[in-house]
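Peer 1: Sharing a model that was predicted from the sequence below.
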Amino acid sequence: MLDLRSQEWLEPFLLSVGALIVALLLFGAFMMLQGIPPLELYSALYIGSFGTRISIENSLTLAAPILLAALCTLIAARVGLLVMGGEGAIVLGGLGAVLVGVALPLSSPLLGSLLCLLAGALFGGLWIAMAGGLKRVRGVNETISTLLLNYIAIAILNHLISGPIRDFSQTLKAQSWSIPSYFMMPNIPGWSVHWGILIGILVCVLLHVLLRHTTFGFSMDVVGGNNRAAQMAGLPITSIVVISCFLGGAAAGLAGAIEVVAVHGAASESLVVGFGYTGILVAFLARQKPLAVIFFALLMGGIAASGGLLQRRFDVPYAATAVLQGMIFLCVLASSALSGRILPERKSK
Amino acid sequence: MISRRNVLTGSAGLLLAGGSIFSDRVLAQGKKTTTVGFLYAATRNDYGFNQSFAVAARRIAQLPNMKLIEQERVPETAQAERAMESMIQIDGANVIVGTSFGYWPFILNLAKKYPDVLFVHGGALWKDGDPKNAIGFRGYMEEPHYLCGIAAGMMTKTGKIGFIGSKPLFFIFNNCNGFTLGARSVKPNATCQVVITGDWDNPVKEAETVNALVDQGVDVIVANVDSPKVAIETAERRGILSCGYHTDLSALAPKGFLTGAEWNWSKAGEFIESWRNGKPYPNLQRGGFSNNMVTLSAFGKSVPKEVQDAVLKAREGFVNDSFKLYKGPLKDNQGNEVLAAGREISNSDNAFKVNVKFLVEGAIGSTGLK
C-alpha cells in the first residue's frame, strides 16, 4: 500500500526534477555562449536564491504569491480545465481586500486582516468561477476566457485606481485608498518575510487533504479524468466544475489579498507583476499535486529572486531570467512525454 | 574577504575613538572601489527614460575606482527594496541609484537602515527631515522642450506641430508649454495639437495618435511618453519631422529627427564624487541648462545651419539665466490671463512649475483637469 502510494508521486516528481536539471544545464550552456562560466553562473543562482539570509527572505516572499497562484491553475486542472486566470484573480483579490479593508468600521486588527483576506478570496473565486460557469453553460473555452479575463481585471483595476477609489494624496503613482495600518499583516518574528508563505503552505496542505481524502476531491478527479463517466455516475458536473474554479480563483485571490495586506496596503499596478503566470509554470512543474506545489513554488521564487543577482554579476539583461523560465517550461512539457515510462514496475499496480 | 562594509565600520569606529578629522568615507576611499548599483523599472535599452539613465550609468562608470552593477525591470514595490538591499549586502554596493519615481519610499526606508550608503533618486522628492545620505535630483525638461519648439517652429511648413503626452501631470504640461512657446517665439501663429494618451507606455495609442495628427496636417511632433520610439518611427514613416525626449533618439529617424530634450543624469557622478571624498553635496537638486541638469540632442541631418544657430542662441539664454520661460503677457488656451505683462517667473521657481495646470495659448487641447 505504502509502496504504491510512494510510486504514484515519485514518477511525476522525478520527471519534474529531471526536467528542471535539464533546463538548468541548457541554461548553463546558453550562458556559456555569452561567455559566462557555468560554475560561476550556478553559484550566483544559489547565492541569489538561498545562499544568504536576504536571498532566502527574498525567495520566500516571492514564493508566497506564486504558490497560491499556482493553485488556481492546479485545482481547475483537476477537473480538466486549463485555467490561465491567476493574474486576473490576484488583481481582483487585491481589490477585494482593499474595498473591504477600507469599508470596514472595525478596530480589531486580526479580524480586519482576516476579513480582507476572505474578501480577496471571494472576489478571486467568483472571477474564475465565472469562467468555469461560462465553460459549462455556454461552452466558452476556459483557457481563452481566463486569459482575456486577466486583461479585463487589469483594466478594472486601472479604472478604479485612476478615479473612483484613487487616493489623490499619493502623488508618486496612481493607487487606491490604503487599508488601515492596523489591518496590515506583520512579518514572521525575526524575519523580514510576511506570513503569506505559511498561509500558502497551509492552503496547499488543506487542498491535499481535500483532493485525497474527501469524496468531493474524488469526484473532481472523476470529472477531470473522464467527463462522460462522471455524467454516467450522475455527478453534478457543472457544480463540481464551478466550485473547483471558485476554489482555484479563491487561492489566487488570496494571493492578491496577501500582497495588499502584507506588502502594499493599497491596490495599484504593483499587483500586476506576473505572479499569476509564474504560477501556471509551477502548477505544471508540480503536475497538479498540491504538496509538490510547495517545493516548486519555493524553487521558482528562488529563481525569480536570483534573477537580479544574475543581471548584476554578469551584466545580462532581465530577459536572461525569462530565458531560464522558458527553458524550464519547455523541459517540463517535453518531459510529460516520458510519463509512465521511467518507472515500469508501476504497471504491477 | 574584507568587505567594504567591514572597512567602513572599522574606520567609523576609528573616527569615534580618535576624533579624526577625516570622515570614514575619506579613509575608505583611498584605493577602494565604489560600487554603484542602478535599478531600472523597465529595460535599459528602451529608447526612453530608462535608457537615459543607462547612458548616465556608463558615464559614471568611467570615473576612477567606480564599478557599475545594474538590475532592470525592478517593479516599484517592496521588491525594489529587497533588490537594493541585496545589492548592498551581496554585491557590496556603496551607492544606489534608483531611477524610477516609485522607488522613493523604499529608498527612504533603506537610507535610514544603511547610513554609510549613498542613495540617489531621479525625482526631486527629498524634503527636510529625510536622511542626509539620500539625494533627489531632476531636470527642468521644459527648457530643452522650448528649444525643440524653436526648431519645430522654424521647420514646420503647415504651422501645426503636435505634442503627445502620457499622463495629465504638471511636468508634462510644462514640457508642452515649453514646446508651444518655443514654436510661437519664431512662428507666432503656430499651433500645437496636444494629445494626452493617459498611459506612460502605450505604443499602439501613440502610433495611432501620430497618424491622426499627421492626417490633421501636423508636420512636427514630440512624444512625452516613457519610450517615444514608436511615435518617432511612425512620424518618420509618415514623412514628418520629430523631436526626441529622454535620450538621444536620432537613430530612429535619420531623415526627420530635429533635436531632442535630454536628461543629464550623469550629474549623479558629481554627487557621488563629492560624497566619497567627504565634500558637501546637495540633497535636493533641480535645475535646467544653467546647472547642466538637462541637455539637447545633437541636431539631425535635416536641420539647416540657421535653425541650429537660433536654437543654440536661445540655449545661451537659459545657460546664463537671462531668458525666462514663463513671462507676461501670457494667456492660457482658454483665454485667461496667466501672467500680466511685465511679470516673470524665475526658471527655478519650482512652486510655480509644479502647479502648472494650464496649456499656453496656441496649444489646442485640454489638460483634462478640472
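Peer 2: Yes, it's here. If you're wondering where the values come from, they're calculated on a predicted model, not measured in any experiment.

Peer 1: For chain A, list the residues in contact with chain B, please.
Peer 2: Proximity of chain A to chain B (C-beta under 8 Å from any C-beta of the partner chain) is limited to residues A:47-48, A:52, A:54-55, A:57-58, A:61-62, A:162, A:172-173, A:263-264, A:270, A:273, A:305, A:308-309, A:311-313, A:315, A:317-319. (Glycine included, C-beta is placed from N, CA and C.)

Peer 1: chain center to stretch A:217-235, what's the gap?
Peer 2: From the chain centre to the centre of stretch A:217-235 is a distance of 25 Å (C-alpha atoms, centre = their mean, to the nearest Å).

Peer 1: quick one: buried residues of that stretch?
Peer 2: For stretch A:217-235, a neighbour-count test (16 or more other C-beta atoms under 10 Å in any protein chain shown) marks A:217, A:219-224, A:230, A:235 as buried.

Peer 1: about what we covered before: which members of the residues of chain A next to chain B are classed as buried?
Peer 2: A:47-48, A:52, A:54-55, A:57-58, A:61-62, A:263-264, A:270, A:273, A:305, A:308-309, A:311-313, A:317-318.

Peer 1: lowest-pLDDT helix or strand in chain B?
Peer 2: helix B:4-18 (a mean of 40; mean pLDDT, DSSP states H and E).

Peer 1: Name the SS class of residue B:157, please.
Peer 2: Put simply, residue B:157 is coil when judged by DSSP: H, G, I helix; E, B strand; the rest coil.

Peer 1: which residue sits closest to it in space, ignoring its chain neighbours?
Peer 2: Spatially, and ignoring its direct neighbours in sequence, residue B:157 is nearest to residue B:219 (5.9 Å; C-beta to C-beta, 6 or more residues apart in numbering or on different chains).

Peer 1: didn't that neighbour look like it was pressed against residue B:183?
Peer 2: No. Using C-beta atoms under 8 Å, residue B:219 makes no contact with residue B:183, being 11.6 Å away.

Peer 1: More neighbours: which of the two?
Peer 2: residue B:183 (30 against 22; other C-beta atoms under 10 Å in any protein chain shown).

Peer 1: Now the phi/psi pair for the more buried one, please.
Peer 2: phi -60, psi -40 (degrees, to the nearest 10).

Peer 1: Enumerate every residue touching the residue nearest to it when sequence neighbours are not counted.
Peer 2: With sequence-adjacent residues excluded and distances taken as C-beta to C-beta, 6+ apart, residue B:183 is closest to residue B:153, at 3.4 Å. Residues in contact with residue B:153 (C-beta atoms under 8 Å, 6 or more residues apart in numbering or on different chains) are B:161, B:182-187, B:190.

Peer 1: where does residue B:153 land in three-state SS?
Peer 2: Applying three-state DSSP: residue B:153 is helix.

Peer 1: Quick check: which ranges of the chain have low pLDDT?
Peer 2: Defaulting to chain A. A:1-7, A:171-172, A:342-349 (pLDDT under 70).

Peer 1: if you could check chain B rather than the one you did, that'd help
Peer 2: B:1-31, B:370.

Peer 1: sorry, back to before: how close does the residue nearest to residue B:157 get to residue B:42?
Peer 2: 30 Å (C-beta to C-beta, to the nearest Å).

Peer 1: Now do the contacts for residue 256.
Peer 2: Since no chain was named, I'll use chain A. A:65, A:89-97, A:120, A:124, A:271.

Peer 1: not quite, I wanted chain B
Peer 2: Counted by C-beta under 8 Å, 6+ apart, residue B:256 has contacts B:235-236, B:239-242, B:300, B:302.

Peer 1: ok, so of those, who is nearest residue B:257?
Peer 2: Distance to residue B:257 across the contacts of residue B:256 (C-beta to C-beta) is lowest for residue B:300, with 3.5 Å.

Peer 1: Reduced to three states, what does the closest one come out as?
Peer 2: coil.

Peer 1: what sits against it?
Peer 2: Applying C-beta under 8 Å, 6+ apart, the residues contacting residue B:300 are B:250, B:253-259.

Peer 1: JSON lines please, covering these and showing secondary structure.
Peer 2: Shown next, in JSON lines, are those (three-state DSSP):
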{"residue": "B:250", "secondary structure": "helix"}
{"residue": "B:253", "secondary structure": "coil"}
{"residue": "B:254", "secondary structure": "coil"}
{"residue": "B:255", "secondary structure": "coil"}
{"residue": "B:256", "secondary structure": "coil"}
{"residue": "B:257", "secondary structure": "strand"}
{"residue": "B:258", "secondary structure": "strand"}
{"residue": "B:259", "secondary structure": "strand"}
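
Peer 1: now, among those residues, which is nearest to residue B:147?
Peer 2: Using C-beta to C-beta, residue B:259 is the member of the contacts of residue B:300 that lies nearest residue B:147, at 7.0 Å.

Peer 1: Compute the number of surrounding residues for residue A:78.
Peer 2: 22.

Peer 1: I'd say it and residue A:288 touch.
Peer 2: Yes. Using C-beta under 8 Å, residue A:78 is in contact with residue A:288, at 6.0 Å.

Peer 1: who are the neighbours in contact with residue A:109?
Peer 2: Contacts of residue A:109 (C-beta under 8 Å, 6+ apart): A:182-183.

Peer 1: try 10 Å
Peer 2: A:180-186 (C-beta atoms under 10 Å, 6 or more residues apart in numbering or on different chains).

Peer 1: Any figure for the gap between it and chain B?
Peer 2: Per C-beta to the nearest C-beta, to the nearest Å, residue A:109 is found 20 Å from chain B.

Peer 1: do residue A:232 as well
Peer 2: 49 Å.

Peer 1: what are the phi and psi angles of that residue?
Peer 2: phi -60, psi -40.

Peer 1: So it sits against residue A:226, correct?
Peer 2: Yes. Taking C-beta atoms under 10 Å as the definition, residue A:232 is a contact partner of residue A:226 at 9.0 Å.

Peer 1: Is residue B:35 in a helix, a strand, or coil?
Peer 2: Going by three-state DSSP: residue B:35 is strand.

Peer 1: How about the contacts made by it?
Peer 2: A:312, B:4, B:65-69, B:87-88, B:91-96, B:117.

Peer 1: Out of these, which end up buried?
Peer 2: Counted by 16+ other C-beta under 10 Å, the contacts of residue B:35 give A:312, B:4, B:66, B:68-69, B:87-88, B:91-96, B:117 as buried.

Peer 1: Can you tell me the element residue B:223 falls in?
Peer 2: Using DSSP states H and E, residue B:223 sits in strand B:220-224.

Peer 1: Dump the C-alpha coordinates for that strand into PDB.
Peer 2: What follows is strand B:220-224 as a C-alpha-only set of coordinates in PDB (Å, rounded to 0.1, in the frame of the first residue of the first chain):
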ATOM      1  CA  VAL B 220       6.500  68.100 -36.400                       C
ATOM      2  CA  ILE B 221       5.900  66.000 -33.200                       C
ATOM      3  CA  VAL B 222       7.400  65.300 -29.900                       C
ATOM      4  CA  ALA B 223       6.200  62.500 -27.700                       C
ATOM      5  CA  ASN B 224       6.400  62.700 -23.900                       C
END
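
Peer 1: I'd like to know which elements the next helix or strand after it is packed against.
Peer 2: The helix or strand immediately downstream of strand B:220-224 is helix B:229-237, counting by DSSP H and E. The criterion is 3 or more C-beta pairs under 10 Å, 6 or more residues apart in numbering or on different chains; DSSP states H and E, and the helices and strands that helix B:229-237 contacts are strand B:160-165, helix B:203-215, strand B:220-224, strand B:241-246, strand B:257-263.
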